[in-house]
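> next comes the sequence, and after it the predicted model I'd like to discuss.
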Amino acid sequence: MQYRPPGWLPASEQVQRTDYYAHLRAEVIAAIPEGCATVLDVGCGKGTLGRWLKENGVQAVRGIELSPVAGEEAKRWLDGVVVGDVERAELPWPEASVDCIICADVLEHTVDPWKVVGKLKRLLAPGGCIVASIPNVAFHRNIRKMLRGEWRYADEGLLDRTHLRFFTLQTIEELFRSNGLAIEAVFKQVDGGWNIRLLNALLFGALRHTLCLHYIVRVRPA
């Protein structure tokens, strides 16, 4: 059984929500295994996800948030929030103390995501996991723009101007494998129209890696 938030919306509608810091990510919630007593939400925003998790059985939710305004709001709901850059901040929690670490669209914003994963892994309790949502740079709409010579950054989305790293499913796997973690499950956020799906079928699945806007993965120590 998986978490499913009240008022759940399809992923295509989730991305249309206007409050960057406040909305629930249904596809991320679905990847969190039940039975987690302690969760760390990296990039916790205003604490909306953590608050929902606490209302649905999680005993303690901690957070890390870069935005001071959002982080201060999160402190109202979560059990300890570090306001700062996850790459530089000293984390006050003991090693092996967290059942699930959530990185929802965070790692691509860091200078050294490989080092960040290693830093967070130390906090995992035995049997713990990391749930990460990472944009897929090989998304078909992005590829079509590249074929036209376009690579334009935007305020948000796949080519968010604050993205420092870009990943495909293969390099996501390599990111975690380099830190001794293995992908247990992949929850694909498919966003392909009928035309690209038909073309993929005609090509015997050759375009399958272009159909996902994001990959949501759950990983555990190998």
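Structure received.

> any low-confidence regions in this structure?
1-22, 189, 200 (pLDDT under 70).

> and the strands in this structure, which stretches?
Here the chain has its strands, by DSSP state E, at 38-42, 60-65, 81-83, 98-104, 124-135, 181-190, 212-221.

> compile those strands into JSON lines and extend it with columns for distance to Lys75 and mean neighbour count.
To be clear about C-beta, it is placed using only N, CA and C from the backbone, and glycine gets the same treatment. Shown next, in JSON lines, are those (distance: least, CB to CB, whole Å; neighbours: other CB atoms under 10 Å):
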{"stretch": "strand 38-42", "distance to Lys75": "13", "mean neighbour count": "25"}
{"stretch": "strand 60-65", "distance to Lys75": "8", "mean neighbour count": "24"}
{"stretch": "strand 81-83", "distance to Lys75": "5", "mean neighbour count": "20"}
{"stretch": "strand 98-104", "distance to Lys75": "17", "mean neighbour count": "24"}
{"stretch": "strand 124-135", "distance to Lys75": "22", "mean neighbour count": "21"}
{"stretch": "strand 181-190", "distance to Lys75": "29", "mean neighbour count": "16"}
{"stretch": "strand 212-221", "distance to Lys75": "27", "mean neighbour count": "21"}
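
> among these, which comes closest to Gly149?
Closest approach to Gly149 among the strands of the chain (CB to CB): strand 124-135, 20.8 Å.

> elements contacting the closest one?
For strand 124-135, the elements it packs on are helix 26-29, strand 98-104, helix 113-121, helix 169-177, strand 181-190, strand 212-221, judged by 3 or more CB pairs under 8 Å, 6 or more residues apart in numbering; DSSP states H and E.

> which one, of these, ends up nearest to Arg88?
Comparing the helices and strands packed on strand 124-135 under CB to CB, the one sitting nearest is helix 113-121, at 10.3 Å.
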